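Asker: Attaching a predicted model along with its sequence, questions to come.
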Amino acid sequence: MPGKATVAEKILANLKGLRKHLQEDEQPLATIPGIWDAGQGNASTACDIVLTNQRLFGYYFVSFPRERLFLDALPLSSITGVSLRKKSFEPLFRELQINSGRRKVYVRASRQKIEELYSALHSAIETTSEEQVPSPTLEATSEEQVSSPALVYERQEVHNQFETSPLGITVLFVGGLILEMVGAILWMRTGSSAMGLPLCFAGLLAVFFAIRTGRQRARQDKQ
């Protein structure tokens, strides 16, 4: 298809080094900027999210000052469920939770980009399934494919408390830093620890609880 070929060439031209990491007959279909969270540890990676006719993966490649490559992929054939998640107090961002066997991957991006990826992923998986025609001589394989569970697509509303939402954590963290700075300035200008120290201490506590809440939230998201 000329349209698909044009899209693929644009993606390959924009993403440095991608061409040599594609598999045989693999063709890029869509890409968005986002955050790829493999659900292992607390690491999330800002990268390009690339959808091809064979895989979905997070990717980036830089050559300066030294070469660094990130490529974490899920075969489309291994995906068993896709959930588009809208979280309270996160009006600008959405999240895709992608289930693949025992593994869960989270993709976060702006609302518009996630909607585009969700639709493109749905279409790519359906197209891939239709193209995988079973051999007529392998009756057992055909029966297994018929009895395999259907892939689940869903939209979820995730309700969080404000204080545990990313917005709430950010407000607490920034507010704590401001309190610390105001306390330090008052202490320096007045020379009175009785005026500045309580604000510094309150700010320090706010920053501490913001960091702790953020780590707890990250662990809960991966469960």
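Answerer: Everything's here; your move.

Asker: which residues in the protein form strands?
Answerer: 28-37, 45-52, 55-62, 68-75, 81-87, 93-100, 103-110, 152-158 (DSSP state E).

Asker: what's the closest of those to Val182?
Answerer: strand 93-100 (30.5 Å; CB to CB). The C-beta positions use only the backbone N, C-alpha and C, and glycine is treated the same way.

Asker: What lies in contact with that closest one?
Answerer: For strand 93-100, the surrounding residues in contact (CB atoms under 8 Å, 6 or more residues apart in numbering) are 56, 74-75, 78-87, 104-111, 114-115, 117-118, 121, 156.

Asker: Show the average pLDDT along it.
Answerer: Mean pLDDT, computed over strand 93-100, is 91.

Asker: picking up where we left off before, would you list the buried entries among the contacts of strand 93-100?
Answerer: 56, 74, 79, 82-87, 104-109, 114, 117-118, 121 (16 or more other CB atoms under 10 Å).

Asker: buried sites along stretch 155-171?
Answerer: Result for stretch 155-171 [16+ other CB under 10 Å]: buried residues 160, 165, 167-169, 171.

Asker: Could you point out which of the strands of the chain sits nearest Thr213?
Answerer: strand 81-87 (14.8 Å).

Asker: Neighbouring strands of the closest one in the sheet, and parallel or not?
Answerer: strand 93-100 (antiparallel), strand 152-158 (parallel) (DSSP bridges).

Asker: State the pLDDT value of the nearest residue to Gln97 once chain neighbours are set aside.
Answerer: Leaving aside its sequence neighbours, Gln97 sits nearest to Ser83 (CB to CB, 6 or more residues apart in numbering; 4.3 Å). Here, the pLDDT recorded for Ser83 equals 93.

Asker: Does Ser83 touch Leu151 like I think?
Answerer: No: the pair Ser83 / Leu151 is not scored as a contact, 11.5 Å apart, by CB atoms under 8 Å.

Asker: By average pLDDT, which secondary structure element in the chain comes out worst?
Answerer: helix 139-147 (a mean of 47; mean pLDDT, DSSP states H and E).

Asker: ok, the spatially most central residue of the chain - contacts?
Answerer: Centroid-nearest residue in the chain, with CA atoms, centre = their mean: Val107, separated by 2.1 Å. Listed by CB under 8 Å, 6+ apart, the contact partners of Val107 are 34-37, 49, 58, 95-96, 98, 114, 117.
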